[in-house]
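Student: Generate a structure from the sequence data that follows.
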Amino acid sequence: MRHFSIFILLLLLVPQQIPAQTFGTDDKAAAEQAWKSFYPKFLNAVKRRDRATLRTMMVPQFWYSFGGNTDRDEAFEYYDNPHVRGWTALERILAKGTTKTASGDSLIDGSPVLSRVAPPAAAKRRYTNWRAYFEYGKDGRWLWTGFIAGD
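Tutor: So this is what the prediction gives:
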(Lines give C-alpha, C1' and ligand atoms only; values in the text may rest on other atoms or scores of the structure.)
Protein backbone atom coordinates (compact mmCIF):
# COMPACT_ATOMS: atom_id res chain seq x y z
CA MET A 1 0.00 0.00 0.00
CA ARG A 2 2.89 2.33 0.77
CA HIS A 3 4.31 1.97 -2.75
CA PHE A 4 0.91 2.67 -4.24
CA SER A 5 0.60 5.87 -2.17
CA ILE A 6 4.04 7.02 -3.32
CA PHE A 7 3.09 6.27 -6.92
CA ILE A 8 -0.11 8.34 -6.64
CA LEU A 9 1.81 11.19 -4.98
CA LEU A 10 4.37 11.17 -7.79
CA LEU A 11 1.62 11.27 -10.39
CA LEU A 12 0.20 14.36 -8.73
CA LEU A 13 3.53 16.13 -8.30
CA VAL A 14 5.21 15.40 -11.64
CA PRO A 15 3.88 17.63 -14.43
CA GLN A 16 2.11 15.66 -17.09
CA GLN A 17 3.55 16.01 -20.56
CA ILE A 18 1.03 16.79 -23.26
CA PRO A 19 2.31 15.56 -26.57
CA ALA A 20 2.99 18.38 -28.99
CA GLN A 21 1.07 18.40 -32.22
CA THR A 22 3.13 16.79 -34.89
CA PHE A 23 3.04 17.64 -38.52
CA GLY A 24 3.04 14.93 -41.12
CA THR A 25 5.20 14.70 -44.18
CA ASP A 26 2.36 16.04 -46.33
CA ASP A 27 1.97 19.13 -44.09
CA LYS A 28 5.68 19.84 -44.19
CA ALA A 29 5.87 19.31 -47.95
CA ALA A 30 2.91 21.65 -48.52
CA ALA A 31 4.53 24.26 -46.27
CA GLU A 32 7.84 24.02 -48.15
CA GLN A 33 6.09 24.35 -51.50
CA ALA A 34 4.09 27.35 -50.27
CA TRP A 35 7.28 28.93 -48.89
CA LYS A 36 8.95 28.73 -52.31
CA SER A 37 6.11 30.81 -53.70
CA PHE A 38 5.66 33.17 -50.73
CA TYR A 39 9.25 34.21 -49.99
CA PRO A 40 10.29 35.69 -53.37
CA LYS A 41 7.05 37.72 -53.46
CA PHE A 42 7.69 38.85 -49.91
CA LEU A 43 11.28 39.91 -50.71
CA ASN A 44 10.07 41.87 -53.73
CA ALA A 45 7.36 43.64 -51.67
CA VAL A 46 9.92 44.56 -48.99
CA LYS A 47 12.35 45.89 -51.60
CA ARG A 48 9.59 48.09 -53.07
CA ARG A 49 8.21 49.02 -49.60
CA ASP A 50 4.88 47.88 -51.03
CA ARG A 51 2.71 48.24 -47.95
CA ALA A 52 -0.48 47.11 -49.70
CA THR A 53 1.08 43.80 -50.73
CA LEU A 54 2.85 43.39 -47.40
CA ARG A 55 -0.47 43.85 -45.53
CA THR A 56 -1.85 40.84 -47.40
CA MET A 57 1.19 38.85 -46.27
CA MET A 58 0.97 39.88 -42.60
CA VAL A 59 -1.21 38.90 -39.69
CA PRO A 60 -3.50 41.73 -38.49
CA GLN A 61 -1.94 41.67 -35.01
CA PHE A 62 1.60 42.04 -36.30
CA TRP A 63 4.27 41.91 -33.58
CA TYR A 64 6.80 44.73 -33.91
CA SER A 65 7.83 45.62 -30.37
CA PHE A 66 8.04 44.16 -26.90
CA GLY A 67 5.74 46.93 -25.68
CA GLY A 68 2.59 45.15 -26.80
CA ASN A 69 2.40 47.02 -30.10
CA THR A 70 0.62 44.89 -32.68
CA ASP A 71 -0.70 47.12 -35.46
CA ARG A 72 0.58 46.71 -39.04
CA ASP A 73 0.32 50.38 -39.98
CA GLU A 74 2.06 51.48 -36.79
CA ALA A 75 4.79 48.96 -37.58
CA PHE A 76 5.35 50.57 -40.98
CA GLU A 77 5.57 54.00 -39.37
CA TYR A 78 8.02 52.63 -36.82
CA TYR A 79 10.24 51.13 -39.55
CA ASP A 80 10.14 54.45 -41.43
CA ASN A 81 11.67 56.27 -38.45
CA PRO A 82 15.24 57.27 -39.43
CA HIS A 83 16.47 56.39 -35.93
CA VAL A 84 15.00 52.88 -36.14
CA ARG A 85 16.04 52.15 -39.74
CA GLY A 86 13.70 49.17 -39.79
CA TRP A 87 13.51 48.75 -43.54
CA THR A 88 17.29 48.65 -43.83
CA ALA A 89 17.47 46.10 -41.02
CA LEU A 90 14.74 44.00 -42.63
CA GLU A 91 16.51 43.89 -45.99
CA ARG A 92 19.82 43.06 -44.28
CA ILE A 93 18.46 40.10 -42.31
CA LEU A 94 16.35 38.75 -45.17
CA ALA A 95 19.49 38.68 -47.32
CA LYS A 96 20.89 36.15 -44.84
CA GLY A 97 17.99 33.77 -45.46
CA THR A 98 15.64 31.96 -43.12
CA THR A 99 15.49 28.73 -41.19
CA LYS A 100 12.79 26.62 -39.63
CA THR A 101 12.25 27.40 -35.98
CA ALA A 102 12.74 24.79 -33.31
CA SER A 103 9.84 25.77 -31.07
CA GLY A 104 7.06 25.70 -33.61
CA ASP A 105 4.81 27.76 -31.32
CA SER A 106 2.64 30.48 -32.83
CA LEU A 107 3.49 34.03 -31.81
CA ILE A 108 -0.20 34.76 -32.10
CA ASP A 109 -1.84 32.15 -29.92
CA GLY A 110 0.89 29.75 -28.80
CA SER A 111 -0.51 26.84 -30.79
CA PRO A 112 1.88 24.55 -32.63
CA VAL A 113 2.67 25.77 -36.14
CA LEU A 114 5.27 25.33 -38.80
CA SER A 115 7.35 28.49 -38.71
CA ARG A 116 10.50 30.17 -39.96
CA VAL A 117 12.75 32.97 -38.75
CA ALA A 118 15.24 35.29 -40.43
CA PRO A 119 18.16 35.42 -40.08
CA PRO A 120 19.04 31.80 -39.28
CA ALA A 121 21.12 32.96 -36.28
CA ALA A 122 17.86 34.11 -34.66
CA ALA A 123 16.89 30.48 -34.10
CA LYS A 124 19.57 30.26 -31.41
CA ARG A 125 19.03 31.23 -27.78
CA ARG A 126 20.03 34.68 -26.58
CA TYR A 127 19.81 36.25 -30.02
CA THR A 128 18.86 39.90 -29.50
CA ASN A 129 19.19 41.60 -32.86
CA TRP A 130 16.51 42.16 -35.51
CA ARG A 131 14.54 39.07 -36.54
CA ALA A 132 11.52 38.36 -38.70
CA TYR A 133 9.00 35.61 -37.96
CA PHE A 134 6.78 33.72 -40.37
CA GLU A 135 4.06 31.13 -39.72
CA TYR A 136 2.36 28.61 -41.95
CA GLY A 137 -1.35 28.90 -41.27
CA LYS A 138 -4.06 26.29 -41.19
CA ASP A 139 -5.34 27.82 -44.43
CA GLY A 140 -2.14 26.76 -46.23
CA ARG A 141 -0.63 30.25 -46.43
CA TRP A 142 2.56 31.69 -45.01
CA LEU A 143 2.18 34.95 -43.12
CA TRP A 144 4.69 37.43 -41.75
CA THR A 145 3.92 37.55 -38.03
CA GLY A 146 6.60 39.77 -36.58
CA PHE A 147 9.73 41.82 -37.02
CA ILE A 148 11.41 42.91 -33.80
CA ALA A 149 14.75 43.77 -32.25
CA GLY A 150 15.89 43.24 -28.70
CA ASP A 151 15.51 40.46 -26.21
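Student: which stretches of this structure aren't confidently modelled?
Tutor: Along the chain, the parts satisfying pLDDT under 70 run over 1-25, 68-69, 102-105, 107-108, 151.
Student: quick one, strands of it?
Tutor: For the chain, the strands defined by DSSP state E cover 58-63, 99-100, 114-118, 131-136, 142-148.
Student: any chance of those strands in CSV, with distance to Thr88 and mean neighbour count too?
Tutor: Placement of C-beta: from N, CA and C, glycine included. As requested, the strands of the chain are exported to CSV (distance: least, Cβ to Cβ, whole Å; neighbours: other Cβ atoms under 10 Å):
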stretch, distance to Thr88, mean neighbour count
strand 58-63, 19, 18
strand 99-100, 22, 16
strand 114-118, 14, 23
strand 131-136, 13, 23
strand 142-148, 12, 22
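Student: Relative to Thr70, which of those strands is closest?
Tutor: Among these, the nearest to Thr70 by Cβ to Cβ is strand 58-63 (4.2 Å).
Student: re earlier: including distance to Glu74, could the strands of the chain go into JSON lines?
Tutor: Below are the strands of the chain laid out as JSON lines (distance: least, Cβ to Cβ, whole Å):
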{"stretch": "strand 58-63", "distance to Glu74": "9"}
{"stretch": "strand 99-100", "distance to Glu74": "28"}
{"stretch": "strand 114-118", "distance to Glu74": "21"}
{"stretch": "strand 131-136", "distance to Glu74": "17"}
{"stretch": "strand 142-148", "distance to Glu74": "12"}
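Student: out of those strands, nearest to Lys36?
Tutor: Counting by Cβ to Cβ, Lys36 lies closest to strand 142-148 out of the strands of the chain; the figure is 10.0 Å.
Student: who's in contact with the closest one?
Tutor: Contact with strand 142-148 is made by 31, 34-35, 38-39, 42, 54, 57-59, 62-66, 75, 79, 86, 90, 106-108, 115-116, 130-137, as judged by Cβ atoms under 8 Å, 6 or more residues apart in numbering.
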